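*Asks:* Model the following, please.
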Amino acid sequence: MAAQVAAGAGGGGALPLLDDLMPWSVRPLRTGRAWVTAPDAASLRARWDLLAAAEGAEQERLFRPSRSRTPLTPAASLPGRRPTGTSAFARDPGPYPEPVRILHGAFDEQWLIPDHRLLDAARPELWRVADAHQLFAVEHGYVPQDGGPALSATALLPDGLSPAGRPGRIRPLYRRPGGREPNLAPGLSALLAARYGVPVTAEHVLAWVLAAALPSPAGPLVPLPADGGPWAQGVELGQELLRLHLRGARGGERPRMPGGRRPYVRAAIPPRPAGPHYDAAEEAIVLGEGRVSPVPSGAWDFRVSGVRVLELWLGRRTATPEGTPAQGLEAVGPRDWPQERTSELLELVSVLALLAGLRPRQQALRERLERADVLTRDGLRSAGLLPVAAAARLPASVLDHQEEGPEGQFALL
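*Replies:* Sure thing, here's the model as predicted:
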């Protein structure tokens, strides 16, 4: 049966949710302690060594216990990683696990110690499908009147945290490793391909969602056009957005501003810069005596859930830690501003500036969709796509090897 259509995307209540189109989702990670993540990997090794060397009450204080995790809590090894210790950390820390790169909130790439004993809720189902073929859609917390994006995409394992508002969900693009079994409502690709007269893959859908999704209290709304004209326009735009979000992952090029607009360090960033401010007249980020420019206002004002991305990113790296390493592991970090941090800042400025430059095209697409016929939730229900079967909302069975459970026992899934 053909899906029913409605005139325009203005009536948000009629639009399908991202939850309808990508039904399997996972809640954000809950680390339980801030010291297990850091902007640089070396800090994590230093924190681990301090914790492993401590004993008794001192180790417990550094660990920062929660109801889910203490130094005496055994835990299964995380899937897809080299096995780590599974006995209580206090009894046997085991070898230091090499940190993994993650997306910490929106647009902030950091490092995480991948030891399940240190994480309150690591979401093992995400780790099982996180490989070189996987992409993740990460919903942002909803904030009324916020003009920022409804979601991000990443090839890194995301923690799903939101700078403001209630955190959204993490939606893997594929339900199984190797890019197998797209996390799409069964029949969605076939329905859209029949309507638009072109093949529709999972990555086409993700690109469309990046270009067209609208924030709402219930989660991102996704207008789907009734014909192929807007679809082709939106997928092309979404693929450009996806390339910027991925920052060179999956064989793409690292984002770069055109010549003459590339950000540079105009005055050296001091070893311990003060918190940032923005000089609009000079298009410069000021960090103490340091200056980075040109930084377009669109990059500085780029917000997620109402929070400036650059201001938050810099604030996490320029705030002076209170106390000393003996008073908290999260205070253990580089004494001076590392050179690689400058490179990461310049790239982030470029990413946000290029994303801001695509906003007029996104606005034009949304205005076109407001006038165009779109598929409705009722229409998808009539076509048999909704409601999605309960099994599609659950993790797929992907266990093709044994996983080590707590205290070295094999996990049974």
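
*Asks:* going forward, measure contacts and count neighbours with C-alpha atoms only.
*Replies:* Fine.

*Asks:* Helices along the stretch 151-300 of the chain, start to end?
*Replies:* Along the stretch 151-300 of the chain, counting by DSSP state H, counting those that start in this stretch, helices occupy 188-196, 202-212, 228-246, 297-300.

*Asks:* Packing partners of the last one?
*Replies:* In this case it means helix 297-300. Judged by 3 or more Cα pairs under 8 Å, 6 or more residues apart in numbering; DSSP states H and E, the packing partners of helix 297-300 are helix 309-318, helix 339-357.

*Asks:* Looking at those, which is nearest to residue 165?
*Replies:* Taking Cα to Cα, helix 309-318 is the member of the helices and strands packed on helix 297-300 nearest to residue 165, at 14.5 Å.

*Asks:* which of the helices of the stretch 151-300 of the chain is buried the deepest?
*Replies:* helix 202-212 (a mean of 23; mean count of other Cα atoms under 10 Å).

*Asks:* Please save the CA atoms from that one in CSV.
*Replies:* Extracted in CSV, the C-alpha atoms of helix 202-212 (Å, rounded to 0.1, in the frame of the first residue of the first chain):
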residue,chain,number,x,y,z
ALA,A,202,21.5,3.3,5.2
GLU,A,203,24.1,6.0,4.6
HIS,A,204,21.7,7.8,2.3
VAL,A,205,19.2,7.8,5.1
LEU,A,206,21.8,9.1,7.6
ALA,A,207,22.8,11.8,5.3
TRP,A,208,19.2,12.9,4.8
VAL,A,209,18.6,12.9,8.6
LEU,A,210,21.7,15.2,9.1
ALA,A,211,20.4,17.6,6.6
ALA,A,212,16.7,17.6,7.4
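
*Asks:* Is residue 392 in a helix, a strand, or coil?
*Replies:* The assignment at residue 392 comes out as helix when based on DSSP: H, G, I helix; E, B strand; the rest coil.

*Asks:* related to what we said a few turns ago, mean pLDDT and distance to residue 335 added to the helices of the stretch 151-300 of the chain, as JSON lines?
*Replies:* Formatted as JSON lines, those follow (pLDDT from 0 to 100; distance: least, Cα to Cα, whole Å):
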{"stretch": "helix 188-196", "mean pLDDT": "97", "distance to residue 335": "52"}
{"stretch": "helix 202-212", "mean pLDDT": "98", "distance to residue 335": "38"}
{"stretch": "helix 228-246", "mean pLDDT": "97", "distance to residue 335": "30"}
{"stretch": "helix 297-300", "mean pLDDT": "98", "distance to residue 335": "26"}
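
*Asks:* can you redo these as TSV with distance to residue 372?
*Replies:* What follows is the helices of the stretch 151-300 of the chain, written out as TSV (distance: least, Cα to Cα, whole Å):
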stretch	distance to residue 372
helix 188-196	14
helix 202-212	13
helix 228-246	8
helix 297-300	29
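
*Asks:* Please name whichever of those is nearest to residue 35.
*Replies:* helix 228-246 (25.7 Å).

*Asks:* Report the inter-axis angle for the closest one versus helix 339-357.
*Replies:* Interaxial angle of helix 228-246 relative to helix 339-357 (axes from the mean of the first three to the mean of the last three Cα atoms, to 10 degrees): 170 degrees.

*Asks:* still on that earlier bit, please name whichever of the helices and strands packed on helix 297-300 is nearest to residue 268.
*Replies:* If we rank those by Cα to Cα, the stretch that ends up nearest is helix 339-357, at 9.9 Å.

*Asks:* which one of the helices and strands packed on helix 297-300 lies closest to residue 65?
*Replies:* Nearest of those (Cα to Cα): helix 309-318, 23.1 Å.

*Asks:* who touches the closest one?
*Replies:* 39, 106-108, 272-276, 299-303, 348-349 (Cα atoms under 8 Å, 6 or more residues apart in numbering).

*Asks:* Buried ones in it, by neighbour count?
*Replies:* 309, 310, 311, 312, 313, 314, 317, 318 (16 or more other Cα atoms under 10 Å).

*Asks:* between that helix and helix 339-357, how many degrees?
*Replies:* 170 degrees.

*Asks:* ok, now how distant is residue 131 from residue 159?
*Replies:* Distance, residue 131 to residue 159, using Cα to Cα, to the nearest Å: 16 Å.
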